[in-house]
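Visitor: Quick one, structure for this:
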Amino acid sequence: MRVALLVVAVGVLGAAASPARAQGEVDRQLEPGDQREQLGEAPPGATPRSAVVPDGAAPPGQRDPRFVPEPGVDLGQFPEPGPPAGEAPPGDPGGDVELKLQLYGRVGGGHDTNVFRADRARRTDAFVHALASAELLVTLPARGTEVFLEVGGETLHYPHRHKANEHYGSAFFELFHPVASWLDAGLQNAFEASRQNLLDDNGDLFPRGRFGSLDEEVRLYAIARPHADLALEVGAGYRIKDYEENRGVDSLDYDELRLDASAAWALARSPRSRLKLKYRYRRRDYREFRARERDGAIVAESPTLDLDRHQLNLTWFQDLAPGGTRLRLVVGAGVTYNRDLHRNDRSYREASASVGVEWWVVAERTRLEVSARAIGRDFLVRGVASQGGRLRHRLLDVTVGGAQRLFDWPLWLFVEAASTRWESGDRFEGYERFTLEAGLEARW
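Guide: Down below sits the predicted model:
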């Protein structure tokens, strides 16, 4: 009875808390026996969550409203086969519920050279950036069933450019259940509330304004392990997004069907090396926002906008130990085809590449990080009135940072610098932006 009440309580918290990181697809894979090591606190050979570089995602604290990626949040470790059905996982005495709570907080300040991501008349400002999260992992006896809950919040505040402030709150809930020794199943629910001053959702070039939004997604998935070094996953989800209405702008609310399939191979276990191929399909139906004709015009008989999106990503995870240190390398490549079902106004092809390196120079004390991503997007129909030809987008984002632990406290001093260059065929749409941030982060 106590176990049932605990599961119900966690579920209620997940539904009532500030919504989940639903920026694009939530692809969190709970692994049997994975104890969800704290950021940077994993034992040698394990992968701290801070090493994870989601597919196409911007680094933490560097959200780019012009380019909302669809990341796959991956815990970075290849899933080990679970225990046979009906048996307790190794080391579990049976009968006891195991609870694990992790807390994370970060407060920093810095300088932004282009607050509004503008091509001309740029505005600079200092900023304060804060975020916090709490994670609860509940491991139930017997079959190794796990319940996971994460709640978090983030705010970016500019003292002089208040219109650029951004706020996010999120909650994520997952129920993971080993069905058999070769099959696992799970249920995920993600909910996010956000408030942004700019919006450009995956290149759909919607108008600027003050956009608050609520985002809800539920996903079912199954993971089959026909071999100890192979995991096959399929998932299906449904997403609903409601935007705050802006005067003079059609509502941007939409519903979205999501399907995905992936294969992950363990290339080596010491040092750990893994390769993952993932396909995603999205069918997005806008409730009121109307599609455009081939010349960009909206006519009275235009239907609401419907989009199909196909995305394929290949990611390589590699752990190394140069000179007794610990290094994590994540390399990704992807292709995307976004199809406007009316007149192809928003149809485009896209290629992307990313690389992330996390190096623990001194174990559990000194960490260096470098990440970069590049994206090229070519529209099939949409032209550039001022220059002719088809519209093209190019993005290059580079981040360099590091962290140093203070004494034996759970406190870290961090510094991070980021550079973003966005090029667009439309005049005044391109921009450059540089940010520098430093502060403290804590983990318990």
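Visitor: mind listing the strands for the stretch 151-300 of the chain?
Guide: Listed in chain order, the strands of the stretch 151-300 of the chain (DSSP state E, counting those that start in this stretch) span 166-180, 183-196, 211-227, 230-243, 254-269, 272-290.
Visitor: and the longest one, which strands flank it?
Guide: In the sheet, strand 272-290 lines up against strand 254-269 (antiparallel), strand 304-320 (antiparallel) (DSSP bridges).
Visitor: Okay, buried residues for that strand please.
Guide: Burial within strand 272-290, assessed by neighbour count using 16 or more other CB atoms under 10 Å, is assigned to 272-276, 278, 280, 282, 284, 286, 289. Placement of C-beta: from N, CA and C, glycine included.
Visitor: Now the strands of the stretch 151-300 of the chain in a markdown table, please, with extra columns for distance to residue 127 and mean pLDDT.
Guide: Supplementary listing: those in a markdown table, determined by distance: least, CB to CB, whole Å; pLDDT from 0 to 100:
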| stretch | distance to residue 127 | mean pLDDT |
| --- | --- | --- |
| strand 166-180 | 10 | 94 |
| strand 183-196 | 14 | 93 |
| strand 211-227 | 19 | 93 |
| strand 230-243 | 24 | 95 |
| strand 254-269 | 30 | 95 |
| strand 272-290 | 31 | 94 |
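Visitor: Format those strands as TSV; extra columns: distance to residue 390.
Guide: Formatted as TSV, the entries for the strands of the stretch 151-300 of the chain read as follows, by distance: least, CB to CB, whole Å:
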stretch	distance to residue 390
strand 166-180	32
strand 183-196	28
strand 211-227	28
strand 230-243	28
strand 254-269	25
strand 272-290	22
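Visitor: Of all these, which one comes closest to residue 406?
Guide: Closest to residue 406 of the strands of the stretch 151-300 of the chain, according to CB to CB: strand 166-180, at 27.4 Å.
Visitor: Show me how far the closest one is from its chain's centre.
Guide: Relative to its parent chain, strand 166-180 has a centroid offset of 13 Å by CA atoms, centre = their mean, to the nearest Å.
Visitor: Report the angle between that strand and strand 211-227.
Guide: Direction vectors for strand 166-180 and strand 211-227, defined by axes from the mean of the first three to the mean of the last three CA atoms, to 10 degrees, enclose an angle of 20 degrees.
Visitor: Strand 183-196 and strand 166-180, what's the angle between them?
Guide: Using the same axes, to 10 degrees, strand 166-180 lies at 170 degrees relative to strand 183-196.
Visitor: Would you quantify the distance from residue 175 to residue 148?
Guide: Using CB to CB, to the nearest Å, one obtains 8 Å as the distance from residue 175 to residue 148.
Visitor: What is the neighbour count of residue 233?
Guide: The burial metric for residue 233, expressed as a neighbour count using other CB atoms under 10 Å, is 21.
Visitor: Measure how far stretch 311-328 is from the centre of its chain, please.
Guide: 19 Å.
Visitor: which parts of that stretch are buried?
Guide: For stretch 311-328, burial by neighbour count (16+ other CB under 10 Å) applies to 311, 313, 315, 317-319, 326-328.
Visitor: for stretch 148-164, same thing?
Guide: Residues of stretch 148-164 classed as buried: 148-154, 156-158, 161, 164 (neighbour count, 16+ other CB under 10 Å).
Visitor: By pLDDT, give me the weakest of those.
Guide: Taking the buried residues of stretch 148-164 together, the minimum pLDDT is found at residue 164 (87).
Visitor: Where does the prediction get shaky in the stretch 301-444 of the chain?
Guide: 386 (pLDDT under 70).
Visitor: separation between the closest residue to residue 431 other than its chain neighbours and residue 420?
Guide: Here the nearest residue to residue 431 in space, its sequence neighbours aside, is residue 117; by CB to CB, 6 or more residues apart in numbering that works out to 4.8 Å. When CB to CB is the yardstick, residue 117 and residue 420 sit 8 Å from each other.
Visitor: Surely residue 428 is in a strand?
Guide: No. Counting by DSSP: H, G, I helix; E, B strand; the rest coil, residue 428 is not part of a strand but coil.
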